[in-house]
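> Below is the structure, and that's it, no one-letter string:
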């Protein structure tokens with residue numbers, strides 16, 4: 001291909017985005033093939049003028065539609081069938097997460113994607129969570145190409161022509177509507193430290209930009225009409241973000257690429273960089289992306305849409321074959337997952353509470369769920385230390401925020417709640433550290449900090465960090481406005497009157513956590529000698545819940561406090577006020593604001609406040625500093641077996657304080 005004669009892109013305005021995205025009005029010009037080197041037509045049929053690309057990312061096993069937050073993979077399949085000349089692509093991480101995925105080690109999602117008619121996917125970092133052998137089994141079972149161009153073993157590319165159904169494991173050419181669409185896959189190099197190190201220790205993740213250049217050149221030689229990159233990179237704290245990939249491609253390479261379909265950061269992306277459109281749908285099938293590629297003599301243009309659940313369900317009928325297979329898998333799993341464990345009077349918070357960039361509380365602030373997990377680790381470590389005759393060394397429990405994948409809502413807990421919250425096959429490990437080491441460890445965990453509003457306490461960072469450390473047995477005070485390495489102000493052991501000497505590199509402390517943090521290649525703990533491995537992560541947590549249940553009488557867990565005050569953010573000039581004013585949107589059962597309505601709101605499953613909404617449906621209430629759960633105090637609250645939805649608020653996260661690009665207003669819906 002003579003790159004010196006690449007034509008100018010055709011900038012065609014796309015259709016309006018369903019969720020109000022702006023990119024369709026941003027002249028979504030995409031790459032063109034050379035005007036003098038058009039691919040030959042297939043047979044006597046003229047190539048289609050338009051190709052539609054439906055795309056998903058980070059489904060994490062959330063494939064069963066619920067009518068409001070999860071579209072359902074059967075509806076996604078139905079959506080594809082409604083449009084001629086359509087492809088269905090995924091940008092990684094379908095095989096780990098919810099029980100549908102974790103109980104089958106990813107095979108059930110692949111099975112469903114086969115039925116749904118997926119045309120290609122790229123490897124996400126969590127495809128490696130079951131080890132390379134299981135990964136290759138899942139890829140071999142896929143009836144569509146699975147791509148990972150920058151993932152190599154000692155023998156070469158991990159995915160080869162002998163694994164999967166087509167392509168070479170790096171790229172493939174999809175035929176659609178007489179067009180040849182080149183597709184290649186990239187996986188973030190951060191995978192080396194975002195999964196269990198032992199699962200990727202023999203793998204190499206090559207530079208994303210260098211690999212992309214190689215794949216674009218290879219596909220260009222195959223006379224494709226355009227090129228799509230399936231990328232599991234994201235827009236978070238990773239070595240190369242998707243927008244950076246687009247930015248740093250050579251101009252002649254960028255000119256050949258239409259779209260980067262992205263994943264990994266669970267965000268909504270819609271950007272135009274160097275003529276390349278970068279899109280991401282969020283996560284958990286909360287939405288489905290739709291791209292309409294228009295082919296003209298002078299180039300290729302694109303219209304971008306993000307279809308929410310309601311739109312998907314109105315635009316498509318569920319595919320009967322997919323629905324049948326989904327029911328078959330779900331029915332079998334429910335026999336395991338629906339086993340009742342115990343009553344839970346308090347929602348334990350973790351995972352994504354909304355779909356904005358900082359809406360995952362365990363990755364940014366202290367939460368009650370993280371406190372429970374750390375206490376479970378400490379209980380297991382205490383038993384071990386007693387067994388070796390050491391009852392005096394202080395024990396500190398730590399869990400990384402990304403390890404707890406979902407909340408446990410108040411009501412009857414079932415086995416599935418535990419599997420969903422803890423899908424990883426981690427173990428619990430004990431290591432000996434010192435105060436000076438521990439100080440550096442927390443500095444590492446606070447790497448996303450970027451200041452704090454001294455009036456409200458709201459943290460000013462715009463992204464969360466899965467390595468953010470939750471802790472019990474120790475109280476940490478940090479200044480998020482300081483430079484990296486100087487954020488930890490003090491660390492004080494429970495029961496101590498004075499803080500630890502953070503320069504002390506002699507006094508032993510017992511640190512207990514999961515194997516991900518303890519052995520992670522990029523964790524400061526990776527090089528610390530292992531003292532003991534004391535059991536499975538999930539098993540230790542379940543045993544602790546059993547102890548709590550027995551101590552409370554055997555039927556219901558005790559009420560859990562909101563937090564224990566183990567992590568305090570105190571920027572210079574900030575002192576928390578006794579209360580702060582939280583704003584919450586109250587809606588009717590139809591989702592419309594409940595204007596001028598008196599409602600009673602329960603805070604933390606305890607105190608109630610009667611307030612009146614304004615003309616826009618918003619209500620204000622005074623709550624104490626920190627994180628809280630809100631629920632409408634109606635008849636459902638009297639029946640703990642009837643699970644209720646709640647809203648999470650936090651002045652430190654800004655949820656309930658403001659609405660902006662990082663935060664939504666908390667919502668409570670009347671029945």
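Sure, I can see it. The shown structure was predicted, so the numbers you read here are calculated from the model rather than taken from an experiment.

> shaky segments in the chain?
For the chain, the stretches with pLDDT under 70 are 1-44, 161-166, 521, 635-643.

> Quick check: longest helix in it by residues?
helix 368-387 (DSSP state H).

> name the helices or strands packed onto that one?
Under the contact criterion of 3 or more CB pairs under 8 Å, 6 or more residues apart in numbering; DSSP states H and E, helix 368-387 touches strand 395-400, strand 427-433, strand 469-472, strand 509-514, strand 530-536, helix 537-551. For glycine as for every other residue, the C-beta is placed from the backbone atoms N, C-alpha and C.

> next helix or strand past the shortest one?
Just to be clear, that refers to strand 469-472. strand 474-478 (DSSP states H and E).

> And residue 191, how far from residue 207?
As judged by CB to CB, to the nearest Å, residue 191 and residue 207 stand 13 Å apart.

> When those two are compared, which one has more neighbours?
It is residue 191, of residue 191 and residue 207, that has more neighbours when counted by other CB atoms under 10 Å, with 24 against 13.

> list the contacts for the closest residue to residue 540 other than its chain neighbours?
Closest residue in space to residue 540, ignoring its immediate chain neighbours: residue 380 at 4.6 Å, by CB to CB, 6 or more residues apart in numbering. Taking CB atoms under 8 Å, 6 or more residues apart in numbering, we find residue 380 in contact with 428, 512, 534-535, 540, 543-544.

> Of those residues, just the buried ones, ChimeraX syntax please.
To isolate in ChimeraX the members of the contacts of residue 380 that are buried, counting by 16 or more other CB atoms under 10 Å, one can use:
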select :428,512,534,540,543,544
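
> what's the neighbour count on residue 610?
Residue 610 has 11 neighbours, counted by other CB under 10 Å.

> likewise residue 645?
12.

> wait, doesn't it sit right on residue 669?
Yes: applying CB atoms under 8 Å, one finds residue 645 in contact with residue 669, separated by 7.0 Å.

> related to what we said a few turns ago, widest-spaced pair of the contacts of residue 380?
The largest separation in these, counting by CB to CB, is between 512 and 543 at 14.0 Å.

> Give me the distance between stretch 381-395 and the centre of its chain.
Relative to its chain's centre, stretch 381-395 lies at 36 Å (CA atoms, centre = their mean, to the nearest Å).

> mind listing the strands for the stretch 551-671 of the chain?
Here the stretch 551-671 of the chain has its strands, by DSSP state E, counting those that start in this stretch, at 567-569, 579-587, 598-603, 607-612, 618-624, 627-632, 647-650, 667-669.

> so which of the ones you listed gets nearest residue 303?
That would be, of the strands of the stretch 551-671 of the chain and by CB to CB, strand 667-669, which comes in at 30.2 Å.

> Which residues outside the closest one are in contact with it?
For strand 667-669, with CB under 8 Å, 6+ apart as the criterion, the contacting residues are 584-589, 591, 599, 601, 630-632, 645-647.

> buried stuff in stretch 563-575?
Buried, per 16+ other CB under 10 Å, within stretch 563-575: 563-564, 566-571, 574.

> And for it, what's in contact with it?
Residues contacting stretch 563-575 (CB under 8 Å, 6+ apart): 365-368, 371, 451-454, 457, 459, 470-472, 474-481, 489, 626-627, 652.

> Apply the buried test to those and list what passes.
Applying 16+ other CB under 10 Å to the contacts of stretch 563-575 flags 365-368, 371, 452-453, 457, 459, 470-472, 474-476, 478-481, 489, 626-627, 652 as buried.

> The stretch 101-250 of the chain: strands as residue ranges?
Under DSSP E, counting those that start in this stretch, the stretch 101-250 of the chain gives strands at 120-122, 146-147, 151-153, 156-157, 171-176, 179-187, 204-205, 226-232.
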